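Visitor: Sequence first, then the predicted structure, then my questions.
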Amino acid sequence: MKRKERLQTITEIIGQTMVGSQKELSKLLKLRGISVTQATLSRDLSTLGVGTVHHPEKGNIYSIADLSLEGREMSKMAALPMEAIQSLGFSGNLAVIKCQPSYAPSIAMSLDVSGLVEILGTIAGDDTVLIILSEGITKHQFQKALASRFPEVDTLVHSNSGGVS
């Protein structure tokens, strides 16, 4: 099988199935007659821009930001893992989410695929997400948009309305 066809198959699997690990993805590929090494699969995932998002029932699952509209809608359904978020703070046009270790990439991916025009971009570390707000967006506008897209953050937004935490 050619690389392009393998990448398409990986994209289809991730778009249709909640896959949480390379081992699981490798098994699903084998069911379709595709055998790959772990190194090849890692390169393929990197090429496709695969990241993880938190799913409320399955935990972390793979997501591709450039999926078809149907796949993108599936990715947008991922919720922010509220149990991991510790605080939301602001400085100018920057917002910072502090969270438990290893959750930042999932939170950033959820924000990136959310479609919020108030967000210019995110940068994730291990326990911190830096959110760059779009030009002219105020802290209040961002908090309102965040709460409307992710209702589960409403308490966090309101608890941080007085200042930086």
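Guide: Noted; the coordinates are in hand.

Visitor: And the helices in the protein?
Guide: 3-16, 22-31, 38-48, 69-76, 104-112, 139-149, 154-159 (DSSP state H).

Visitor: Just list whatever residues bridge to Thr128.
Guide: Per DSSP bridges, the residues bridged to Thr128 are Lys98.

Visitor: Give me the neighbour count for the residue nearest to Ile85 when sequence neighbours are not counted.
Guide: The shortest distance from Ile85 to any residue other than its chain neighbours is 5.0 Å, reached at Cys99 (Cβ to Cβ, 6 or more residues apart in numbering). For glycine as for every other residue, the C-beta is placed from the backbone atoms N, C-alpha and C. Cys99: 24 surrounding residues under other Cβ atoms under 10 Å.

Visitor: Same question for Gln86.
Guide: Other residues close to Gln86 by other Cβ under 10 Å number 14.

Visitor: Assess the claim that it and Tyr103 are in contact.
Guide: No. Here Gln86 does not reach Tyr103: they are 9.6 Å apart, not a contact under Cβ atoms under 8 Å.

Visitor: per-residue confidence for Leu67?
Guide: Here the pLDDT value assigned to Leu67 is 47.

Visitor: With Met1 instead?
Guide: 62.

Visitor: what does Gly163 give?
Guide: Value listed for Gly163 in the pLDDT field: 42.

Visitor: Count the neighbours of Gln143 for me.
Guide: Gln143: 21 neighbours (other Cβ under 10 Å).

Visitor: Report pLDDT for it.
Guide: On the pLDDT scale, Gln143 gets 91.

Visitor: Okay, it and Thr11: tell me how far apart.
Guide: Distance of Gln143 to Thr11, computed by Cβ to Cβ, to the nearest Å: 34 Å.

Visitor: Show me which helix or strand of this protein is least confident by mean pLDDT.
Guide: Within the chain, no helix or strand scores below helix 69-76, which has a mean of 42 by mean pLDDT, DSSP states H and E.

Visitor: got the contact list for the closest residue to Leu28 other than its chain neighbours?
Guide: Excluding its sequence neighbours, the residue lying closest to Leu28 (Cβ to Cβ, 6+ apart) is Ile13, at 5.1 Å. Contacts for Ile13 (Cβ atoms under 8 Å, 6 or more residues apart in numbering) come out as 19, 25, 28-29, 32.

Visitor: can we see that at 7 Å?
Guide: 19, 25, 28 (Cβ atoms under 7 Å, 6 or more residues apart in numbering).
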